[in-house]
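J.: pasting the sequence and the predicted coordinates here, then a few questions.
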Amino acid sequence: MITLDILQLASPHSYLIALVVPALDAILPLLPSETTVIALGVATAGSADPRIGLLVGCAAAGAFLGDNLCYVLGRRFGPVVQRRFFATPKGRKARSWAERSLARFGMQLIVVCRFIPGGRTAVTLTCGLTGYPRRRFIAATAVASVIWALYAFFIGRIGGQAFTDNLWAGLIAAFGASIAISAVIEVVRRLRARSRQRARPAGRRSRRHAGQVEPDHAGEDQGDRDELHGRGRVAEEDHANRRRPRGAEPGPDRVGGPDRQFAQREGQ
């Protein structure tokens, strides 16, 4: 396990770790990028060295590179990525969720998925698989990487300042706080998803009764009724004609009536 002694501003290892671990954890989930950045914040909690900005920048750059690496993998090696990450029922469910959420929220989801457990890998790979616009993806991942690096690093600093005599206790406290925040975000997301699912059927029922077809235009309903009434009158007249005796002559208001009367007068 990485010891806190090497995560100091004077150590080159700190900057290398801050860059590499967030870049690779999307495709290698065993690498704990958020824990690593939190540990960097804990280890440097008592310092006001300007190189802290460089350390945070390395963490943000690593996260950005990792997200775009996933995009490239999904874009260029789609079948392999599909078999590796989305072949199982759980994987197919994750991709289906990512596609629906991308269609609904777009760039907002790419930013928020940074804080959803397991969401980063599913969303970034799905963006590549589905051909999500590259410019939008780059802009969203840049914003997400900076927010995430600042968030994780300063949670670590808060924990380290709270437990100056025991940095490991500060690391545990900061890591627990990050888990709690992620859990709250996930609970809110699930509750909102359930509320939308419940609201959709209710909204549809309120707009129309069961079995009723809603007209496309406000005047079409009355027009349809007039057309049906006219068809009914034609049907009644046709039925009356069929019941008329064969020898009876049609009246003057019937089709062919005047023509037959004129023929009879000519014959006389």
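T.: Arrived safely.

J.: got the buried residues for stretch 83-98?
T.: Phe85, Phe86, Gly91, Ala94, Arg95, Ala98 (16 or more other C-beta atoms under 10 Å). In short, each C-beta sits where N, CA and C put it, glycine included.

J.: dump the residue contacts of the second one.
T.: Think Phe86. Arg92, Ala94, Arg95, Leu125 (C-beta atoms under 8 Å, 6 or more residues apart in numbering).

J.: do the same with the third one
T.: If you count contacts by C-beta under 8 Å, 6+ apart, Gly91 has them with Phe85.

J.: quick check: Gly74 touching Thr126?
T.: Yes. The pair Gly74 and Thr126 passes the contact test of C-beta atoms under 8 Å, sitting 6.8 Å apart.

J.: any idea of the pLDDT on Val56?
T.: On the pLDDT scale, Val56 is placed at 93.

J.: now do the contacts for it.
T.: Ala18, Ala149, Leu150, Phe153.

J.: including distance to Val56, pLDDT and neighbour count, could those residues go into TSV?
T.: Listed next are the contacts of Val56 as TSV, based on distance: C-beta to C-beta, whole Å; pLDDT from 0 to 100; neighbours: other C-beta atoms under 10 Å:
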residue	distance to Val56	pLDDT	neighbour count
Ala18	8	90	27
Ala149	5	93	28
Leu150	6	93	15
Phe153	5	90	24
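
J.: take those and keep only those in helices.
T.: Secondary structure from DSSP state H places Ala18, Ala149, Leu150, Phe153 of these in helices.

J.: most widely separated two among those residues?
T.: Farthest apart among the ones in helices among the contacts of Val56 by C-beta to C-beta are Ala18 and Leu150. That separation is 12.7 Å.

J.: mind listing which of the contacts of Phe86 are in helices?
T.: Under the assignment DSSP H, those contribute Arg92, Ala94, Arg95, Leu125 to helices.

J.: which residues of the chain fall in helices?
T.: Counting by DSSP H, the helices of the chain are 12-24, 33-43, 51-76, 78-85, 89-105, 107-112, 119-130, 134-162, 167-207, 220-243, 257-267.

J.: right, so those helices: which one is the most enclosed?
T.: Comparing those by mean neighbour count (mean count of other C-beta atoms under 10 Å), helix 33-43 comes out on top with a mean of 27.
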